[in-house]
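Trainee: sequence? don't have it. structure:
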């Protein structure tokens, strides 16, 4: 039987070390909502989402109550809207109406975010994909809870540089469209390479077309728990360090597995995956940078950071994989800047630069995340940064992403405040040498040689 | 995980006379059977854990949880009531 020490350990993780379940995300297929009439399409979408997910918030609260574990977010991801809207939308403005419908669904259900205002264009763009992408600035500035993502490359297809170029412009336009709110729109927009179909985390969640009608994906978190565990093994060798991370990740993930199983039973929706993630928040003690410091770095960004992050990411996966029956999504350590107090401090102290962050994305779970850059940054420069990050994903057969916020009217030395889980960030300098001629080439970068495995 | 009705009650707070008595009286009055009980003092604080079985109780879990929290407030200790599964999941393979 469980003993008092085990009970205390678990409760201490929740009460003092910020252990939580970051999100229960229901993925919902909207393929059966498709219609050539725009109004009918919007009605179908609203009806389907509010029917399938009607009990999500209630069930989330019940699980929180039963186990005394916070479930921070309840979210929904849907089939990429570029596909869903393709037979009804004749222009970008038509797509914006769908964004409003999604926003209304989220508000009606009381959920935190809805993702899937997305297009998958890793090899080429249909005109509908392009309509959706061009509608993103309006969609994200006119809605509150809608998140958008665009997959512009993969190991199998290469990188669609036309889409990369377009996304640089779209990010700038989104920043302009939401400049009254410190370009907040860009915090809800991600550009991906190798985007997973079952990611429960925002802003990049969408319900892939390879998925079932509805599915539950759960994202766990717990950087604070890992950091506290590592405090007890200061000065020990790498074997002890890695074992400690692995065991802690196992425990954290087990909670996610329990929550996913319960949610699946109560909502009568099949369980998809657990995303084994260390997702930081701006709260003190809930920082991935804090773990890197505990591993032995003065500040995140110091020499050794990439190696420390690599071992952290790998051990989290090794511990988590056995704890869950199905693992997927992004799974690993997130390194957003504005959402992690330790990262913010590292940037302020001059320890962490955009270039070092890029190196870290080679070994973390995602990519350049929640990084505020000067509002005057050129669209082509943003495209260049995206292209670099996509290349890392394509060559290393991993998911990479870019969520940059060019904050209009702000420059290096200023700080931007997004609020809530999105946190705040100092504006980081960007290399200002031009890449215009590179970005303005048309076409796509071919798939790498190691993608030909057939 | 044999029994879904097994619940863990934890009590943390300043030690005083009658904490266990008060909680046990409540449990007995509601037909809640105690399966295991252990107690220790952690840095001067009273710390108790009980594993109880709610299967024959007439009260549902959430009501017991609310009432126990209330009893905790009355005697000045923190009482927590959680389904046992979370601990089983985390500490048993």
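Mentor: Looks like it arrived, so ask away. Since the structure is predicted, the reported quantities are computational estimates derived from the model, not experimental observations.

Trainee: elements contacting the helix or strand of chain B with the lowest mean pLDDT?
Mentor: Lowest mean confidence among the helices and strands of chain B (mean pLDDT, DSSP states H and E): strand B:33-42, at a mean of 91. Contacts defined by 3 or more CB pairs under 8 Å, 6 or more residues apart in numbering or on different chains; DSSP states H and E place strand B:33-42 against helix A:4-16, helix B:19-29, strand B:45-53. C-beta coordinates here come from the backbone N, C-alpha and C atoms, glycine included.

Trainee: right, so those: which one is the most enclosed?
Mentor: strand B:45-53 (a mean of 20; mean count of other CB atoms under 10 Å in any protein chain shown).

Trainee: Beyond that strand, next helix or strand please.
Mentor: Downstream of strand B:45-53, the next assigned helix or strand under DSSP states H and E is helix B:61-75.

Trainee: Show me what that next one is packed against.
Mentor: Checking 3+ CB pairs under 8 Å, 6+ apart, helix B:61-75 ends up next to helix A:56-67, strand B:6-14, helix B:19-29, strand B:77-83.

Trainee: Verify the stated contact: residue B:54 with residue B:7.
Mentor: Yes: using CB atoms under 8 Å, residue B:54 is in contact with residue B:7, at 5.6 Å.

Trainee: quick one: contacts of whichever strand or helix holds residue A:342?
Mentor: Secondary-structure assignment from DSSP H and E places residue A:342 in helix A:341-348. Residues from elsewhere that reach helix A:341-348 (CB atoms under 8 Å, 6 or more residues apart in numbering or on different chains): A:280, A:282-284, A:286-290, A:292-293, A:299-301, A:335-338, A:352, A:423-426, A:428.

Trainee: ditto for stretch A:203-210
Mentor: A:25, A:27-31, A:75, A:77-80, A:83, A:113, A:115-116, A:118, A:147-149, A:187-190, A:192, A:195-199, A:215, A:330, A:366, A:401, A:403.

Trainee: need the residues of chain B near chain A, please.
Mentor: B:8, B:10, B:35-36, B:38-40, B:42, B:47-49, B:51, B:61-62, B:65, B:80-92 (CB under 8 Å from any CB of the partner chain).

Trainee: who touches residue A:8 in this structure?
Mentor: Residues in contact with residue A:8, defined by CB under 8 Å, 6+ apart, are B:10, B:42, B:47, B:49.

Trainee: Skipping its backbone neighbours, what lies nearest the last one in space?
Mentor: Same thing as residue B:49. Residue nearest to residue B:49 in three dimensions, not counting chain neighbours: residue A:4, with 4.3 Å by CB to CB, 6 or more residues apart in numbering or on different chains.

Trainee: Quick check: that neighbour touching residue B:36?
Mentor: No: counting by CB under 8 Å, residue A:4 does not reach residue B:36; the two are 9.3 Å apart.

Trainee: Give me the pLDDT for the nearest residue to residue A:400 once chain neighbours are set aside.
Mentor: In space, and not counting its chain neighbours, residue A:400 is closest to residue A:393: 3.2 Å by CB to CB, 6+ apart. With respect to pLDDT, residue A:393 scores 97.

Trainee: what about the residue nearest to residue A:70 when sequence neighbours are not counted, how many residues close to it?
Mentor: With CB to CB, 6+ apart as the criterion, residue A:70 has its nearest non-adjacent residue at 4.3 Å, and that residue is residue A:20. Number of residues near residue A:20 (other CB atoms under 10 Å in any protein chain shown) recorded here: 24.

Trainee: Please name the residues that touch residue A:20.
Mentor: So residue A:20 contacts A:14, A:69-72, A:221-222 (CB under 8 Å, 6+ apart).

Trainee: ok, which pair from those is furthest apart?
Mentor: For these, the maximum inter-member distance is 13.2 Å, found between A:71 and A:222 (CB to CB).

Trainee: Between these two, point out the one with more neighbours.
Mentor: Each of residue A:71 and residue A:222 has its neighbours counted (other CB under 10 Å); residue A:222 has more, 30 against 21.

Trainee: Check whether the more buried one really touches residue A:16, as I assumed.
Mentor: No: between residue A:222 and residue A:16 there is no contact under CB under 8 Å: 12.0 Å.

Trainee: residues in contact with residue A:124?
Mentor: Applying CB under 8 Å, 6+ apart, we find residue A:124 in contact with A:160, A:444.

Trainee: That one looks like it's in a helix, true?
Mentor: No: applying DSSP: H, G, I helix; E, B strand; the rest coil, one finds residue A:124 to be coil, outside a helix.

Trainee: Backbone torsions only: list them for it.
Mentor: phi -160, psi 170 (degrees, to the nearest 10).

Trainee: what's the span of stretch A:157-166 from first residue to last?
Mentor: 18 Å (CA to CA, to the nearest Å).

Trainee: What average pLDDT does that stretch get?
Mentor: 98.

Trainee: contacts for that stretch?
Mentor: Residues outside stretch A:157-166 that contact it (CB under 8 Å, 6+ apart) are A:121-125, A:130, A:133-134, A:150, A:152-153, A:191, A:193, A:380, A:383, A:386-387, A:390-391, A:394, A:439-448.

Trainee: Make a PyMOL selection of the buried ones in those residues.
Mentor: Selecting only the buried entries of the contacts of stretch A:157-166 in PyMOL, with 16 or more other CB atoms under 10 Å in any protein chain shown as the criterion:
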select buried, chain A and resi 121+122+123+125+130+133+134+150+152+153+191+193+380+383+386+387+390+391+394+439+444+445+447+448
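
Trainee: distance of whichever residue of the stretch 101-250 of chain A sits closest to chain B from residue A:287?
Mentor: Closest residue of the stretch 101-250 of chain A to chain B, CB to the nearest CB: residue A:250 (8.5 Å). Note on residue A:250: its distance to residue A:287, by CB to CB, to the nearest Å, is 21 Å.

Trainee: who has more neighbours, these two?
Mentor: With neighbours defined as other CB under 10 Å, residue A:250 and residue A:287 compare such that residue A:287 has more, 28 against 20.

Trainee: The more buried one contacts residue A:280, correct?
Mentor: Yes: if you go by CB under 8 Å, residue A:287 and residue A:280 touch, sitting 5.0 Å apart.

Trainee: give me the element residue A:192 is part of.
Mentor: Going by DSSP H and E, residue A:192 is in strand A:189-193.

Trainee: Residues touching that strand, excluding its own?
Mentor: Contacts of strand A:189-193 (CB under 8 Å, 6+ apart): A:122, A:136, A:140, A:147-154, A:159, A:164, A:167, A:170-171, A:174, A:203-204, A:386, A:389-390, A:392-394, A:399-403.

Trainee: residues of stretch A:97-116 that come out buried?
Mentor: Going by neighbour count (16+ other CB under 10 Å), the buried part of stretch A:97-116 is A:97-99, A:101-106, A:109, A:111-116.

Trainee: Run through who's touching stretch A:25-32.
Mentor: Residues outside stretch A:25-32 that contact it (CB under 8 Å, 6+ apart) are A:44-45, A:48-49, A:52-53, A:56, A:73-79, A:81, A:83-84, A:115-116, A:198, A:200-201, A:205, A:207-209, A:211-219, A:267, A:269, A:272.

Trainee: Only whichever of the residues you listed are buried, select them in PyMOL.
Mentor: Provided next is the PyMOL selection string for whichever of these are buried by 16+ other CB under 10 Å:
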select buried, chain A and resi 44+45+48+49+52+53+56+73+74+75+76+77+78+79+81+83+84+115+116+198+200+201+205+207+208+211+214+215+216+217+218+219+267+269+272
